[in-house]
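coords please:
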Amino acid sequence: MNLLTSAWIPVRKGGAFRHISLKTLLCAEGKYHLSLYRDDMETAALQLLISLVQAAFTPKSNEELYQRVEQPLTEDEYAAVISPLDSWFELNHDETPFMQSLGVKAKGATPIQKLFVGLPEGNNHAFFNPPGEIGAVCPSCAAIALFNQASNCPSFGGGFKANLRGSAPVNTFVAGESLRQTLWLNVLTAGYASRILPNTAAEPRPTWLTTIKAGEKIQAQSIGLLRGLFWQPARLELIGEPRDGVCDSCQSSSNYLYSGFNKEKFVYSIEGMWPHPHSPQIWNLKKDGAIEKRRFISFTTAAPAWTQLNQYLVARSDSIPAPVVEQFKELFSRRALNLYVSGYRNKQAAILMRRHELFSMPEDWGKDDHLGRVISEALNARSLLRRKLYGFAKKVGANIHEDAQQQFDRRSEALIHALLTDMSFKERKQAYRIFRESVVGLARELFEQVTAPYRHSIAGMENYVKFKGSLNAEIAALS
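Numbers count the residues shown, from 1 in each chain. Prediction:
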């Protein structure tokens, strides 16, 4: 299977499922949408497609990007561009298979299920599917899972490197009206790409063509755009055979199935931070304003995605959005922003949670930071609720603050989405006021609710009065 020429992209159009080629997707008028049974696999397929289009069809100018968003490529344009790269993206290439290494030495084969994050050996696979469900997969699902494991997931364990962004980075993508439009809205122009990757001498070829040497020390700025987008941190080789069957992942018929892979420990080091186009960054600030501990944003807690929304949207003193979002703000300021946010919450190699959410922003979302200030107020109310309940809990010997915060997180998500919807109307100030009142009301309601069982004692009532007064005073100071 060749990712540039074969029909491997799982889509739906008019309710019908099928696999189409990248050529069909980019050169046809039809509005296709990705279709896989797991949201993280759909996001991985989207990111793989964006990376392919970025690698092969980087627009030379803003005007070219505008044209690509609105009009399909011609078949002649497509053929001319992919010809030099054809052999780079062949999953079963005899010498340089896509994102693999030939001759990997392993004591035994690893089941293909291990490539599907959340389905390894152990007890966390049941979060996604019954154990043993993924036994054999088609080339399409194998390529998507291979890319996802290399780009978005924790490493295989000790002796194996994680992806360029750390163990489980957050991805943010701009959503268009169709899959084709979505791809182009997330492709950087040559000019914008050179801003984040100014080293013109950086190695452009992927790791399965220009291989990493064991023990090598690599400078992040020496990694070119294509090489970084398709960075393979591990040495592994898929195991497949030509036979008829049904893919355990997408349930489609296939005449070639993969049942496992070989992997071997392989270490090297990277100095510096490669500026990945798909992820926002965050850092700590020292007292003198110097930056330290720069990193890609990840889901480190069970807090909902909206709690990091400010970092996804607007550059701040301690964070910057993903370059694809920054470029969209600069080049498509008149468009409303529909933002995909996805990623995993992990504990080392174990996946605790998968996240996939869509935020719909108004057309003038980037003109000022009023929205950011309102979200900050909501975060402050969340923090106040937790701190006051933590203080109350210590006095009465209870553990109630965690449950209250989880309830706040769950119920506040609907308030955020309602705010973003209301922001499309002229009554912007009214939408902000309603949101503030709702968030503050929620914090007060939850404080009353979780402290109620402890107010029957004198000590409980005294501390209830104390911490309620403190909560109200600090909430009043927020506005």
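
residues contacting Asn199?
Listed by C-beta atoms under 8 Å, 6 or more residues apart in numbering, the contact set of Asn199 reads Gln221, Ser222. In short, each C-beta sits where N, CA and C put it, glycine included.

if you could redo that for Gln405, that was the one I meant.
In this structure, Gln405 makes contact with Arg382, Leu385, Arg386, judged by C-beta under 8 Å, 6+ apart.

where do the helices of the stretch 351-479 of the chain begin and end?
In the stretch 351-479 of the chain, helices defined by DSSP state H, counting those that start in this stretch lie at 370-396, 401-422, 428-451, 458-476, listed in chain order.

cool, and the stretch 201-350 of the chain?
With DSSP H, counting those that start in this stretch applied, the stretch 201-350 of the chain shows helices at 225-229, 309-313, 323-331, listed in chain order.

what number of residues lie near the residue lying closest to Pro59 once chain neighbours are set aside?
Here the nearest residue to Pro59 in space, its sequence neighbours aside, is Leu65; by C-beta to C-beta, 6 or more residues apart in numbering that works out to 4.1 Å. Other residues near Leu65 number 24, with proximity taken as other C-beta atoms under 10 Å.

quick check: angle from whichever helix or strand Ala56 is part of to helix 323-331?
Element membership for Ala56, per DSSP states H and E: helix 39-57. Helix 39-57 and helix 323-331 are oriented at 60 degrees to each other (axes from the mean of the first three to the mean of the last three C-alpha atoms, to 10 degrees).

could you point out the helix or strand that follows helix 39-57?
Helices and strands here follow DSSP H and E; after helix 39-57, the next one along the chain is helix 62-70.

pull out the buried positions in that following helix.
For helix 62-70, the neighbour count (16 or more other C-beta atoms under 10 Å) marks Leu65, Arg68, Val69 as buried.

helices and strands around that helix, which ones?
Under the contact criterion of 3 or more C-beta pairs under 8 Å, 6 or more residues apart in numbering; DSSP states H and E, the helices and strands touching helix 62-70 comprise helix 179-185, helix 323-331.

report the angle between the last one and helix 62-70.
Looking back up the chat, that one is helix 323-331. Between helix 323-331 and helix 62-70, the angle formed by their directions is 110 degrees, by the same axes, to 10 degrees.

if we can go back for a sec, quick one, which of the helices of the stretch 201-350 of the chain gets closest to Phe447.
Proximity to Phe447, assessed across those by C-beta to C-beta, is greatest for helix 309-313 (24.2 Å).

rounded mean pLDDT for that closest one, please.
The predicted model assigns helix 309-313 a mean pLDDT of 91.

same deal with stretch 5-17?
For stretch 5-17, mean pLDDT rounds to 90.

how distant is that stretch from the center of its chain?
From the chain centre to the centre of stretch 5-17 is a distance of 22 Å (C-alpha atoms, centre = their mean, to the nearest Å).

please report how far the nearest residue to Ile282 once chain neighbours are set aside lies from Asn171.
Spatial nearest neighbour of Ile282, chain neighbours left out: Ser319 (4.4 Å); criterion: C-beta to C-beta, 6+ apart. Look at Ser319 and Asn171: by C-beta to C-beta, to the nearest Å, they are 16 Å apart.

more crowded one of those two?
A side-by-side neighbour count of Ser319 and Asn171, using other C-beta under 10 Å, places Asn171 first with 28 against 18.

and the more buried one, what is it in contact with?
Residues touching Asn171, when contacts are defined by C-beta under 8 Å, 6+ apart, comprise Thr43, Gln47, Asn152, His278, Ser279, Ala322, Tyr340, Val341, Ser342, Gly343.

do that again at 6 Å, thanks
Taking C-beta atoms under 6 Å, 6 or more residues apart in numbering as the contact definition, Asn171 lies against His278, Ser342.

so for it, what's the pLDDT?
Per-residue confidence for Asn171 comes out at a pLDDT of 97.

do the same with the one 3 residues further on
Per-residue confidence at Val174 stands at 97 (pLDDT).

chain neighbours aside, what residue packs nearest to it?
Spatial nearest neighbour of Val174, excluding adjacent residues (C-beta to C-beta, 6+ apart): Leu185 at 4.4 Å.

follow-up on the earlier one: dump the buried residues of helix 62-70 into JSON lines; add distance to Gly224 and pLDDT as well.
Supplementary listing: those in JSON lines, determined by distance: C-beta to C-beta, whole Å; pLDDT from 0 to 100:
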{"residue": "Leu65", "distance to Gly224": "20", "pLDDT": "98"}
{"residue": "Arg68", "distance to Gly224": "22", "pLDDT": "97"}
{"residue": "Val69", "distance to Gly224": "25", "pLDDT": "96"}
